[in-house]
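K.L.:
got a predicted model here, sequence first, then my questions.
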Amino acid sequence: QQQVKQSPQSLIVQKGGISIINCAYENTAFDYFPWYQQFPGKGPALLIAIRPDVSEKKEGRFTISFNKSAKQFSLHIMDSQPGDSATYFCAAKGQNSGGSNYKLTFGKGTLLTVNP
Amino acid sequence: NAGVTQTPKFQVLKTGQSMTLQCAQDMNHNSMYWYRQDPGMGLRLIYYSASEGTTDKGEVPNGYNVSRLNKREFSLRLESAAPSQTSVYFCASSEEERQRQFFGPGTRLTVL
């Protein structure tokens, strides 16, 4: 059972455009929603994260929008740049079937390409 | 601080061979994790360790064993490698309170 569904699988955006990646989750016990950025040949790195008590968090050109009732959250990259080209993963943390609350469940990833 | 380090960076094994992937962190984190990353599958948790002396299974533990040697080190062992274990393996660590996970650079493993 996939607990975090991410879309689209791939995304091509022109420089200066807005990139939007969406995620949906099922487990209402999730209490922390990070986005990770991964460049080719590197490990993922935390980009931005949100907790469910706020509906939006912005850090520079990156914004997370969170809709608790719909169980959805999204990453918006404003003024997308070629250097933003990477794979983006959404994730969620909380109680799951294993009973532990510090494991992350990841989406399958979105390959973003920003054309110059 | 080096953060999370992994060795080796690359490895080729033959089916049935065994090997251990090493991971160490210098951030004094309690929790450590092993993931595998396959195309189109995202990151899947193999095993994790909430604290020194404890380990637990993740989503895809079959064919793997782990050892939390001390607070710094968390190793992943393949006893009898299979082609299905060809993947990129990432180790991560995190603080319990903040939950931010820090990833290592990965080990690319090919099993022939």
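P.N.:
Everything's here; your move.

K.L.:
give me the low-pLDDT residue ranges for the chain?
P.N.:
Since you didn't name a chain, this refers to chain A. Applying pLDDT under 70 to chain A flags the ranges A:1-2, A:95-101.

K.L.:
meant chain B, my bad for not saying
P.N.:
B:96-98.

K.L.:
residue of chain A closest to chain B, please.
P.N.:
As assessed by Cβ to the nearest Cβ, chain B sits closest to residue A:43 within chain A, at 3.4 Å. All C-beta atoms are positioned from the backbone trio N, CA, C, and that covers glycine.

K.L.:
hey, where'd the strands end up in chain B?
P.N.:
B:4-7, B:10-13, B:19-25, B:31-38, B:42-49, B:56-57, B:64-68, B:74-78, B:87-94, B:101-103, B:107-111 (DSSP state E).

K.L.:
how about the fourth one and chain A, any contact?
P.N.:
Read that as strand B:31-38. Yes - using Cβ under 8 Å from any Cβ of the partner chain, we find that strand B:31-38 touches chain A at B:31, B:33.

K.L.:
may I see the buried residues of that strand?
P.N.:
Applying a neighbour-count criterion of 16 or more other Cβ atoms under 10 Å in any protein chain shown, one finds B:31, B:32, B:33, B:34, B:35, B:36, B:37 buried in strand B:31-38.

K.L.:
the closest residue to residue B:54 other than its chain neighbours bridge partners, please.
P.N.:
Once flanking residues are discounted, residue B:54 sits nearest to residue B:68: 7.0 Å by Cβ to Cβ, 6 or more residues apart in numbering or on different chains. With DSSP bridges as the criterion, residue B:68 is bridged to residue B:74.

K.L.:
so who does residue B:68 touch?
P.N.:
B:32, B:49, B:52, B:53, B:54, B:55, B:74 (Cβ atoms under 8 Å, 6 or more residues apart in numbering or on different chains).

K.L.:
doesn't residue B:69 make contact with the second one?
P.N.:
This points to residue B:49. No - the criterion here is Cβ atoms under 8 Å, and residue B:49 misses it with residue B:69 at 10.1 Å.

K.L.:
with neighbour numbers in mind, choose between these two.
P.N.:
Of the pair residue B:49 and residue B:69, residue B:49 is the one with more neighbours under other Cβ atoms under 10 Å in any protein chain shown, namely 20 against 13.

K.L.:
on that earlier part again, write the PyMOL selection for whichever of the contacts of residue B:68 are buried.
P.N.:
The buried residues among the contacts of residue B:68 can be selected in PyMOL (16+ other Cβ under 10 Å) with this line:
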select buried, chain B and resi 32+49+55+74
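
K.L.:
dump the contacts of residue B:68 into JSON lines; add distance to residue A:3 as well.
P.N.:
Shown next, in JSON lines, are these (distance: Cβ to Cβ, whole Å):
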{"residue": "B:32", "distance to residue A:3": "22"}
{"residue": "B:49", "distance to residue A:3": "22"}
{"residue": "B:52", "distance to residue A:3": "28"}
{"residue": "B:53", "distance to residue A:3": "28"}
{"residue": "B:54", "distance to residue A:3": "23"}
{"residue": "B:55", "distance to residue A:3": "22"}
{"residue": "B:74", "distance to residue A:3": "24"}
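
K.L.:
remind me which helix or strand the most centrally placed residue in chain A belongs to.
P.N.:
The centroid of chain A falls nearest to residue A:90 when counting by Cα atoms, centre = their mean (3.1 Å). Taking DSSP states H and E as the criterion, residue A:90 maps to strand A:86-94.

K.L.:
got a list of contacts for that strand?
P.N.:
Strand A:86-94 is contacted from outside by A:3-4, A:6, A:21, A:23, A:25, A:27, A:29-40, A:44, A:47, A:73, A:75, A:101-112, B:42-43, B:99, using Cβ under 8 Å, 6+ apart.
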